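Need a 3D model of the sequence below.
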Amino acid sequence: MSAQPAQTRVSPEMIVLSGCLIALITFGPRASAGLFQIPMTTEYGWGRDVFGLAIAFQNLLWGLGQPFAGAVADRFGAFRVLCAGAVLYALGLVVMAYATTPGMLHLGAGILIGFGLSGCSFNLVLGAFGKLLPEKWRPMAFGAGTAAGSFGQFLFPPIGNVLIDSFGWQQALVIFAASVLLVLPLSLALASRPGAGAATESGPTPAASQSIRQALLEAFRHRSYVLLVLGFFTCGFQLAFITAHLPAYLKDAGLSAAVGGWTLAVIGLANAFGSLTSGWLSTRMSKRWLLAWIYLGRSVAIAVFVLLPASPLTSIAFGISIGLLWLSTVPPTSSLVMLMFGTRYMAMLYGFAFFSHQVGGFLGVWLGGLFYEVYGNYTLVWWLSIALGIVSALINLPIKEVPVDRAPALQPAE
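As a prediction, this is how the structure comes out:
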């Protein structure tokens, strides 16, 4: 059965453009967090575990808030959620800028930015794409939205380095906060009728009366969805660890701060190509096999990087290779969620997958800082990332790429 996209007067082109700009703007400051670790810890005499814990909280709360933000967006539309998230995000950056104690750092960089991201990041944009766009637009739009976030990672770290050198790290964070507020006018294009999007052309039988509780029970009793959620844990572990600790890792190896910034930037640029390619491949090959190859490829890239002596050349080469695989997991993962369950609760169900991603992110950032303070290096976390990539490649193979079995009509929710 086919479902029409949600009612909107905005053209598909404008929806994709506005959503991509939101993804770019919100992903950029978050991807630049590692640039502020050494300036902040040096100025206040904190250990790297203090900064790492703040970013770990950010990842965890981003993931924890995502299912709830997704459920609200599914019910009332994405506009309100995007605006609330952008305000929290900007406030968190300002608090981070003027934090003089670990507690204030954890409040700003951890709690406020974490919950802010859950309401305005590319995950909400992908959910809006699923509801507002015609079915034929969706796979490539998922890739474009993810790629736009990646381009934010390319654009913001070099800008962040320039701002830190020119105005200091505090003013750089304030400028980033102002840029996040641009989400408010852009989110108007993603406004939709509440509760829109009950099914997809290729999805399961629509469930107009299905409650949130019924949707969750259906999803977590579905083996393929559970495997998908578990595999996404590794994605978060690897990405968050690299984002937060790679600049410091390279600085410890004797490289300049600029190398760390440009490596993050190259990751973002390569990620834009990788995400678009992944969105294209998601329509032409098995999504589970695509995910398996991505996770395995990451493990190989990380292993080669840590076994070679650190240099500007190896750092940039690592940035390109890991960048091509960075967020390329998102288009097949979101497409699988939509294929299994349709679009009505897509933002919420993808949100639970993303929560697993962010639990992994919490552990990646936190263990990176903790083990550095204990052992004086990041070696153990690098090899843990390699092992988890291999495990996730295997976890995705048994996934069945078919819609969930659903009765023609569900009983009305009580």
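
okay but Leu370 is in contact with Gly52, surely?
Yes - counting by C-beta atoms under 8 Å, Gly52 is a contact partner of Leu370 at 7.1 Å. Backbone N, C-alpha and C define where each C-beta goes, glycine included.

Please identify which of the two sits among more neighbours.
Gly52 (28 against 18; other C-beta atoms under 10 Å).

quick one: the more buried one from Gln58, how far?
11 Å (C-beta to C-beta, to the nearest Å).

Over to Tyr225?
According to C-beta to C-beta, Tyr225 and Gln58 sit 26 Å apart.

can you pull the pLDDT of the closest residue to Ile212 other than its chain neighbours?
Using C-beta to C-beta, 6 or more residues apart in numbering and skipping the chain neighbours, the partner closest in space to Ile212 is Ala71 (6.1 Å). Ala71 is assigned a predicted lDDT (pLDDT) of 82.

The helix or strand of the chain with the lowest mean pLDDT packs against which elements?
Lowest on mean pLDDT, DSSP states H and E among the helices and strands of the chain sits helix 122-132, with a mean of 80. Under the contact criterion of 3 or more C-beta pairs under 8 Å, 6 or more residues apart in numbering; DSSP states H and E, helix 122-132 touches helix 12-31, helix 48-76, helix 78-97, helix 138-167, helix 330-341, helix 346-375.

Okay, buried residues for the first one please.
The neighbour-count criterion (16 or more other C-beta atoms under 10 Å) identifies 12, 15-31 as the buried residues of helix 12-31.

just checking, what packs against it?
helix 78-97, helix 113-120, helix 122-132, helix 138-167, helix 169-180, helix 183-186.

helices or strands next to the second one in the packing?
What it means is helix 113-120. Secondary-structure packing of helix 113-120 (3+ C-beta pairs under 8 Å, 6+ apart): helix 12-31, helix 48-76, helix 78-97.

out of those helices, nearest to Trp262?
Trp262 lies closest, by C-beta to C-beta, to one member of the helices and strands packed on helix 113-120: helix 12-31, at 13.1 Å.

Just the CA trace of the closest one, in CSV.
In CSV, the C-alpha atoms belonging to helix 12-31 read as follows (Å, rounded to 0.1, in the frame of the first residue of the first chain):
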residue,chain,number,x,y,z
PRO,A,12,11.0,18.9,-2.2
GLU,A,13,14.0,20.8,-3.3
MET,A,14,13.6,23.4,-0.6
ILE,A,15,12.9,20.7,2.0
VAL,A,16,16.1,18.9,1.2
LEU,A,17,18.1,22.2,1.0
SER,A,18,16.8,23.5,4.4
GLY,A,19,17.3,20.1,6.1
CYS,A,20,20.8,19.8,4.7
LEU,A,21,21.7,23.3,6.0
ILE,A,22,20.3,22.4,9.5
ALA,A,23,22.4,19.2,9.5
LEU,A,24,25.5,21.1,8.4
ILE,A,25,25.1,23.8,11.1
THR,A,26,24.3,21.5,14.0
PHE,A,27,27.0,18.9,13.3
GLY,A,28,29.8,21.4,12.8
PRO,A,29,30.3,22.7,16.4
ARG,A,30,29.8,19.3,17.9
ALA,A,31,32.4,17.8,15.5
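
and whichever helix or strand comes after it, how far out from the chain's middle?
Remark: after helix 12-31, the chain's next helix or strand is helix 37-44, criterion DSSP states H and E. Averaging C-alpha positions (C-alpha atoms, centre = their mean, to the nearest Å) puts helix 37-44 26 Å from its chain's average.

Give me whichever of the helices and strands packed on helix 122-132 is most buried.
Highest mean neighbour count among the helices and strands packed on helix 122-132 (mean count of other C-beta atoms under 10 Å): helix 330-341, with a mean of 27.

which secondary structure elements does that one contact?
helix 122-132, helix 138-167, helix 212-220, helix 223-252, helix 257-281, helix 287-307, helix 346-375.

picking up where we left off before, out of the helices and strands packed on helix 12-31, which comes closest to Leu216?
Among the helices and strands packed on helix 12-31, helix 122-132 comes nearest to Leu216, with 15.8 Å by C-beta to C-beta.

Counting neighbours, what do you get for Tyr295?
Neighbour number of Tyr295 under other C-beta under 10 Å is 24.

where in the stretch 101-250 of the chain is pLDDT low?
Counting by pLDDT under 70, the ranges of the stretch 101-250 of the chain that qualify are 192-209.

Dump the helices and strands packed on helix 12-31 into CSV; add distance to Gly268 as well.
Shown next, in CSV, are the helices and strands packed on helix 12-31 (distance: least, C-beta to C-beta, whole Å):
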stretch, distance to Gly268
helix 78-97, 18
helix 113-120, 16
helix 122-132, 13
helix 138-167, 3
helix 169-180, 15
helix 183-186, 19
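
Tell me which of the ones you listed sits nearest to Ile320.
The closest of the helices and strands packed on helix 12-31 to Ile320 is helix 138-167. By C-beta to C-beta, the value is 11.5 Å.

Output stretch 367-374 as CSV - backbone C-alpha positions only.
This file holds the C-alpha atoms of stretch 367-374, laid out as CSV (Å, rounded to 0.1, in the frame of the first residue of the first chain):
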residue,chain,number,x,y,z
LEU,A,367,37.2,5.4,28.2
GLY,A,368,39.5,7.4,26.0
GLY,A,369,40.0,10.0,28.7
LEU,A,370,40.0,7.5,31.6
PHE,A,371,42.5,5.2,30.0
TYR,A,372,44.8,8.1,29.0
GLU,A,373,45.0,9.2,32.6
VAL,A,374,45.7,5.6,33.7
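
quick one, what contacts Arg223?
Going by C-beta atoms under 8 Å, 6 or more residues apart in numbering, Arg223 touches Pro398, Lys400.

repeat that for 10 Å
Arg223 is in contact with Pro398, Ile399, Lys400, counting by C-beta atoms under 10 Å, 6 or more residues apart in numbering.

who touches both of Gly52 and Gln58?
Overlap of the contact sets of Gly52 and Gln58 (by C-beta under 10 Å, 6+ apart) consists of Ala240, Ala244, Val365.

Alright, calling it a day.
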